[in-house]
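[1] okay, predicted coordinates and the sequence, questions at the end:
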Amino acid sequence: MLIDTHAHLTDEAFSGSVDEIISKAKDCTVTKIITSGFDYSSSVEAVKFAEKYQGVYASIGDYPENIYEYNEEIENKLETLAKHDKVVAIGEIGLQYTDGMPDREKQKEIFLKQVALANRCHLPIVIHCRDAYGDMIELLKKNKNLLSHGGTFHCFSGSYEIAREALKLGFYISVGGVSTFKNATSLKETLKKLPLERLILETDCPYLAPHPYRGKLNMPSFVPTIAANLAEIKGVSVEEIAEKTTQNAEKLFKF
């Protein structure tokens, strides 16, 4: 049994084919999928998908690119949505310092508002972080009082040093398709050193399909490929990867 802890089933790329995609995932032993919101509208859609499909759950929140929509009204709506039985996390939320993204201080402000929201709702957080790991770790350290329900670094691509700091703060590291890329040498070395008890699996579909599907539409049914690659990196069986990462996801998201 495997769990895809981060997918985007509401993406237009999957329009009209979600039934088939979920069925195929189950055939590949992927029994649970968390579909992630990235703004309020997609969060509402994620919850609708979770209501419709057995084994599908939702995470909700405003991703860095969409933070200018965030206000008290949206926060109140998200807080109401968070009470749904199949909402298991607040996210994806975080920081992204690539060109063209919103003001960095504004990103930090809205990120922390959503961390506080997660704490009030007794939910873990799902962190999106690109080119901002230093500031992210610093923010989390300063706000440890809001992290009692844990969380995960989605699609982690940071250094071993950053991963160690994340683990010290109680976070899990989420392993996706990037870990299978031939040029992901540094990430593979980091994953080799990390305890399996703190790793979970994801696809981030429809993006970042694993090798040998790179460049194609990613799907939850590719989780076994990511699991097999992680087993090779860690020098353990695929069965152990499946067992441990499933236990970890169940513990974090309280399925």
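    Nice, thanks for sending it over.

[2] residue 128 - that's part of a strand, no?
    Yes. Residue 128: assigned to a strand according to DSSP: H, G, I helix; E, B strand; the rest coil.

[3] show the pLDDT at it.
    Residue-level confidence at residue 128 comes out at 98, pLDDT.

[4] equivalent analysis for residue 178, please.
    pLDDT at residue 178 comes out at 97.

[5] walking through the stretch 151-255 of the chain, point out its helices one by one.
    Using DSSP state H, counting those that start in this stretch, the helices of the stretch 151-255 of the chain run over 160-168, 185-193, 223-234, 238-253.

[6] check the stretch 1-150 of the chain too.
    18-27, 40-52, 72-81, 104-120, 133-142.

[7] for these, which one sits closest to residue 177?
    helix 18-27 (14.7 Å; CB to CB). For the C-beta atoms, the positions are set from N, CA and C on the backbone; glycine is no exception.

[8] that closest one vs helix 223-234, what angle?
    With axes from the mean of the first three to the mean of the last three CA atoms, to 10 degrees defining the directions, helix 18-27 sits at 40 degrees from helix 223-234.

[9] the longest strand in this structure is where?
    strand 87-96 (DSSP state E).

[10] remind me what it packs against, helices and strands.
    Contacts defined by 3 or more CB pairs under 8 Å, 6 or more residues apart in numbering; DSSP states H and E place strand 87-96 against strand 30-36, strand 56-60, helix 104-120, strand 125-130, helix 133-142.

[11] just those: most buried one?
    Among those, strand 56-60 has the highest mean neighbour count (mean count of other CB atoms under 10 Å), at a mean of 29.

[12] circling back to that earlier point, quick one: strands adjacent to the longest strand of the chain?
    strand 56-60 (parallel), strand 125-130 (parallel) (DSSP bridges).

[13] contacts only, for residue 135.
    95, 97, 104, 108 (CB atoms under 8 Å, 6 or more residues apart in numbering).

[14] center of the protein - which residue?
    The chain has residue 154 as the residue nearest its centroid, 3.8 Å off, counting by CA atoms, centre = their mean.

[15] residues in contact with that one?
    Residue 154 touches 5-6, 36, 91-92, 126-128, 174, 176, 202, 204, counting by CB under 8 Å, 6+ apart.

[16] redo that, cut-off 7 Å
    6, 91-92, 126-128, 174, 202 (CB atoms under 7 Å, 6 or more residues apart in numbering).

[17] can I get the helices of the stretch 151-255 of the chain in a markdown table including mean neighbour count?
    What follows is those, written out as a markdown table (neighbours: other CB atoms under 10 Å):
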| stretch | mean neighbour count |
| --- | --- |
| helix 160-168 | 17 |
| helix 185-193 | 15 |
| helix 223-234 | 20 |
| helix 238-253 | 19 |
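
[18] and of the helices and strands packed on strand 87-96, who's closest to residue 181?
    strand 125-130 (16.1 Å).

[19] quick one: that closest one to chain centroid distance?
    7 Å (CA atoms, centre = their mean, to the nearest Å).

[20] hmm, back to that, out of the helices of the stretch 151-255 of the chain, nearest to residue 69?
    Nearest of the helices of the stretch 151-255 of the chain (CB to CB): helix 238-253, 25.5 Å.

[21] the closest one versus strand 87-96: what angle between them?
    90 degrees.

[22] what mean pLDDT does helix 238-253 have?
    98.

[23] ditto for stretch 194-209
    According to the model, stretch 194-209 has a mean pLDDT of 98.
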